[in-house]
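1. just a sequence and a predicted model for now, questions to come.
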Amino acid sequence: MPGHYTTEKTKKKWNEYFKSLKQTPKDRASQFANYMSMIDTLSRKRVSLKGNMVALGDLKARAGTGRAPATTKMSTILDRYHERALRLAQAKYYQKQV
(Lines give C-alpha, C1' and ligand atoms only; values in the text may rest on other atoms or scores of the structure.)
Protein backbone atom coordinates (compact mmCIF):
# COMPACT_ATOMS: atom_id res chain seq x y z
CA MET A 1 0.00 0.00 0.00
CA PRO A 2 1.74 3.23 -1.11
CA GLY A 3 2.08 6.00 1.46
CA HIS A 4 1.64 3.64 4.39
CA TYR A 5 3.83 4.47 7.43
CA THR A 6 5.61 1.13 7.77
CA THR A 7 8.99 1.83 6.22
CA GLU A 8 12.03 2.05 8.46
CA LYS A 9 12.72 5.61 7.33
CA THR A 10 9.28 6.85 8.38
CA LYS A 11 9.43 4.92 11.66
CA LYS A 12 12.75 6.59 12.42
CA LYS A 13 11.30 10.02 11.60
CA TRP A 14 8.29 9.40 13.85
CA ASN A 15 10.52 8.20 16.68
CA GLU A 16 12.66 11.33 16.38
CA TYR A 17 9.53 13.47 16.33
CA PHE A 18 8.13 11.86 19.49
CA LYS A 19 11.50 12.11 21.20
CA SER A 20 11.57 15.84 20.42
CA LEU A 21 8.06 16.18 21.87
CA LYS A 22 9.23 14.63 25.12
CA GLN A 23 12.14 17.07 25.28
CA THR A 24 10.00 20.10 24.48
CA PRO A 25 8.85 20.88 28.08
CA LYS A 26 12.45 21.24 29.25
CA ASP A 27 13.25 23.45 26.30
CA ARG A 28 10.11 25.53 26.86
CA ALA A 29 10.99 25.94 30.53
CA SER A 30 14.48 27.13 29.69
CA GLN A 31 13.11 29.46 27.01
CA PHE A 32 10.67 30.94 29.51
CA ALA A 33 13.44 31.34 32.10
CA ASN A 34 15.61 33.14 29.54
CA TYR A 35 12.69 35.34 28.55
CA MET A 36 11.98 36.30 32.16
CA SER A 37 15.64 37.05 32.85
CA MET A 38 15.76 39.27 29.73
CA ILE A 39 12.64 41.13 30.91
CA ASP A 40 14.22 41.60 34.36
CA THR A 41 17.41 42.90 32.80
CA LEU A 42 15.56 45.34 30.58
CA SER A 43 13.38 46.55 33.44
CA ARG A 44 16.50 47.20 35.56
CA LYS A 45 17.90 49.27 32.68
CA ARG A 46 14.52 51.03 32.39
CA VAL A 47 14.13 50.19 28.73
CA SER A 48 10.67 50.80 27.30
CA LEU A 49 9.46 48.13 24.90
CA LYS A 50 6.31 50.00 23.97
CA GLY A 51 5.73 49.86 20.23
CA ASN A 52 9.21 48.54 19.45
CA MET A 53 8.50 44.91 18.70
CA VAL A 54 6.20 44.72 15.68
CA ALA A 55 4.61 47.38 13.53
CA LEU A 56 0.95 46.36 13.59
CA GLY A 57 -0.41 49.33 11.71
CA ASP A 58 -3.47 51.31 12.68
CA LEU A 59 -5.36 49.44 15.40
CA LYS A 60 -8.04 52.06 16.05
CA ALA A 61 -11.61 50.80 15.95
CA ARG A 62 -13.86 52.66 13.56
CA ALA A 63 -17.57 52.72 14.11
CA GLY A 64 -19.91 52.02 11.24
CA THR A 65 -17.44 50.49 8.81
CA GLY A 66 -18.77 46.92 8.94
CA ARG A 67 -22.08 45.37 8.05
CA ALA A 68 -25.06 45.55 10.36
CA PRO A 69 -25.05 42.93 13.11
CA ALA A 70 -27.16 39.83 12.54
CA THR A 71 -30.41 39.94 14.46
CA THR A 72 -32.98 37.26 15.12
CA LYS A 73 -36.66 38.11 15.12
CA MET A 74 -38.65 37.20 18.21
CA SER A 75 -41.13 35.25 16.07
CA THR A 76 -38.31 33.01 14.82
CA ILE A 77 -37.21 32.28 18.39
CA LEU A 78 -40.78 31.50 19.44
CA ASP A 79 -41.32 29.26 16.39
CA ARG A 80 -38.21 27.25 17.24
CA TYR A 81 -39.27 26.95 20.88
CA HIS A 82 -42.74 25.83 19.80
CA GLU A 83 -41.28 23.19 17.43
CA ARG A 84 -39.05 21.80 20.18
CA ALA A 85 -41.90 21.71 22.68
CA LEU A 86 -44.12 19.95 20.14
CA ARG A 87 -41.43 17.34 19.38
CA LEU A 88 -40.93 16.73 23.09
CA ALA A 89 -44.67 16.31 23.66
CA GLN A 90 -44.91 13.90 20.73
CA ALA A 91 -41.98 11.88 22.02
CA LYS A 92 -43.57 11.60 25.46
CA TYR A 93 -46.89 10.59 23.91
CA TYR A 94 -45.32 7.88 21.76
CA GLN A 95 -43.26 6.66 24.71
CA LYS A 96 -46.48 6.08 26.69
CA GLN A 97 -48.06 4.26 23.74
CA VAL A 98 -45.23 1.72 23.41
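-> Yep, it's here.
2. what about the helices in the protein?
-> Along the chain, the segments classed as helices by DSSP state H run 8-44, 74-97.
3. for those helices, which one sits closest to A68?
-> Comparison of the helices of the chain against A68 by C-beta to C-beta identifies helix 74-97 as nearest, at 16.8 Å. Any C-beta I mention is one placed from the backbone N, CA and C, and that applies to glycine too.
4. can you tell me which residues contact A68?
-> For A68, the contact set (C-beta atoms under 8 Å, 6 or more residues apart in numbering) is empty.
5. pLDDT weak spots in this structure?
-> For the chain, the stretches flagged by pLDDT under 70 are 1-6, 24-26, 49-57, 59, 61-66, 69, 98.
6. repeat that for 80
-> Residue ranges of the chain with pLDDT under 80: 1-7, 20-29, 43, 46-72, 96-98.
7. need the helices of the chain in CSV (columns: mean neighbour count).
-> Converted to CSV, those look like this (neighbours: other C-beta atoms under 10 Å):
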stretch, mean neighbour count
helix 8-44, 10
helix 74-97, 9
